[in-house]
Structures are given as C-alpha cells and as structure tokens.
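# Generate a structure from the sequence data that follows.
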Amino acid sequence: MSGHSKFANIKHKKEKNDAAKGKIFTIIGKEIAVAVKEGGPNPDNNSKLRDVIAKAKANNVPNDTIERGIKKAAGATDAVNYVALTYEGYGPNGTAIIVDTLTDNKNRTASNVRNAFTKGGGNVGTTGCVSFMFDKKGQIIISKEECEMEADDLMMTALDAGAEDFAEEEDSFEIITAPDDFSAVREALENAKIPMASAEVTMIPQNYVELTSEEDIKKMNRILDLLDEDDDVQAVYHNWDE
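Residues are numbered from 1 along each chain as shown. Predicted structure coming up:
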C-alpha cells in the first residue's frame, strides 16, 4: 500500500466516528466488559484490558468513561454474556470482507450482517473463505506531527520491544507486530511517551482490489455503512483499495 496515507485513513475514520461517538463508545464498552470478565478489572495484571484502554484513548474516549465502563463490568452480576462471532464474505468485484461482532443475540446479528451484504450486492460466505487473504497483525500508527522522536530512534525502540516491521509513510509511521507481541510493543511505546493515533490487532490484506465502476463503489460503501451502523459489529476489514 505504498503511497497511501494510513494516518489519513485513520483520521477519516475518526472524523466519521466523531459524528457518531456513541458507536465507538459502544464498541469500547463491549470490549472492556469482555476483558474484565476474562481477566479482572485491574489493568496492571490484565494485558487485554490494558490494550482496550489504549485503544479507547487513541479514539479519544474520556478517562471517566473508561473507568465507568470498568467499574460497571466489574460490579455487574447480571452482565450480558457477549459471544464473539466472525463473518466472512464477498463484496462487489470479489472484494473480501471480514466482520467481527460481539453479540448477545446470534440470530439478530447473523440476519443484520447478511442483510448488509445483500443490500450491497455481496454475499456472506463460509468460515475461512476470505480470511486466508489477510494476515492477523498488531498495527500501531503514529502521526509524525505528534511524535518528537527521530525516525531511527522510534524504529529501534519498536524493534527492540519485539516489532516485526517499521515503515515510514508521508505523514505517519507504521509499526507491525505479531499478535502475541502487540501488547509488549505498545506498552514500550507508551512508556517512552510516544502518542499513538491507532493501536490495535487487525487484519491486514495481502493484496488489494480496485473498484473502477461507480456502481461497485456505491455498493461497497452501502455494505460498509450498514455494517458501521450495526451496534453488534466491532470491526470490519476489507481489501478494497480506497
């Protein structure tokens, strides 16, 4: 994806989410609930919760909202049991789409996801039908504007902490890690007071698909918009070269 501004994409997503902050708060709230249930409310000994908190801060979720979410999850005896489900399918022109969800109603979620694909001229496939086209990686994006550290020093800090790769883009730096090393690398950067525009374990496409037809672009945006509006949807990954 050389020449593409990953930071611009992050900013674009954030600006879009700023118009619907409730969606981000819902996503983070569910992830906090799951992390607390699995590892307890103390981030000092719950690395998954530490990662969710870092993701929340990168998305400008206020500290008191994060703390409220942790307390609520820790004290909830009647907590909702969220089930993690992943859907895979195809959009226009064979584009590959992966949808991660956390739901308390599998039937509702399956119906909504299928509906989103159908309305955009796509279809949900079987498990594994497109995930082989992606690599699961930790990805940290750092804005050049916000980072005072020299590129070489930043690269060495990341690599010493266990990062796999470091790339310099036009307006940002991208650090890639194995999923298991993500927490250690993110925490090393946090300890070095390096601000992160985005920090999460994600699915990175091995190749990208271009959509040249206006109709295909319209359909793809329809799928993504419908999925974005669904509160059960936590993340959407695709290989459309926007």
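
# Can you name every helix or strand that the lengthiest helix in the chain contacts?
Ranked by residue count under DSSP state H, the longest helix found in the chain is helix 21-39. The helices and strands touching helix 21-39, judged by 3 or more C-beta pairs under 8 Å, 6 or more residues apart in numbering; DSSP states H and E, are helix 47-58, helix 63-75, strand 96-103, strand 233-238. For glycine as for every other residue, the C-beta is placed from the backbone atoms N, C-alpha and C.

# Given the third one, what are its sheet partners and their directions?
Spelled out, it's strand 96-103. Sheet pairing of strand 96-103 (DSSP bridges) gives strand 83-90 (antiparallel), strand 233-238 (antiparallel).

# how far out from the middle of the chain is the last one?
Read that as strand 233-238. 7 Å (C-alpha atoms, centre = their mean, to the nearest Å).

# List the buried residues in it.
Buried residues in strand 233-238, counting neighbours by 16 or more other C-beta atoms under 10 Å, are found at 233-238.

# Repeat that for the longest one.
Within strand 83-90, the residues scored as buried using 16+ other C-beta under 10 Å are 85, 87-90.

# for those residues, which one is nearest Ala56?
Leu85 (22.4 Å; C-beta to C-beta).

# The residue nearest to the closest one when sequence neighbours are not counted: neighbour count?
Using C-beta to C-beta, 6 or more residues apart in numbering and skipping residues adjacent in sequence, the residue nearest Leu85 is Thr101, 4.9 Å away. Per other C-beta atoms under 10 Å, the neighbour tally for Thr101 reads 24.

# Contacts made by stretch 188-205 with the rest, please.
7, 10-11, 51, 54-55, 58, 96, 98, 131, 133-143, 146-147, 149, 154, 157-158, 160-161, 172, 175-176, 179, 182, 186, 235, 237-239 (C-beta atoms under 8 Å, 6 or more residues apart in numbering).

# For that stretch, C-alpha coordinates in CSV please.
Provided in CSV are the C-alpha atoms of stretch 188-205 (Å, rounded to 0.1, in the frame of the first residue of the first chain):
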residue,chain,number,x,y,z
ALA,A,188,7.1,0.1,25.3
LEU,A,189,6.0,3.0,23.1
GLU,A,190,3.6,4.2,25.8
ASN,A,191,6.4,4.1,28.4
ALA,A,192,8.5,6.2,26.0
LYS,A,193,5.7,8.7,25.9
ILE,A,194,5.0,8.2,22.2
PRO,A,195,1.5,9.2,21.2
MET,A,196,-0.3,6.7,19.1
ALA,A,197,-3.0,7.6,16.6
SER,A,198,-4.2,4.0,16.4
ALA,A,199,-3.1,0.8,18.2
GLU,A,200,-4.9,-2.5,17.7
VAL,A,201,-4.7,-6.1,16.5
THR,A,202,-6.1,-6.0,13.0
MET,A,203,-6.4,-8.0,9.7
ILE,A,204,-4.1,-6.6,7.0
PRO,A,205,-4.9,-7.6,3.4
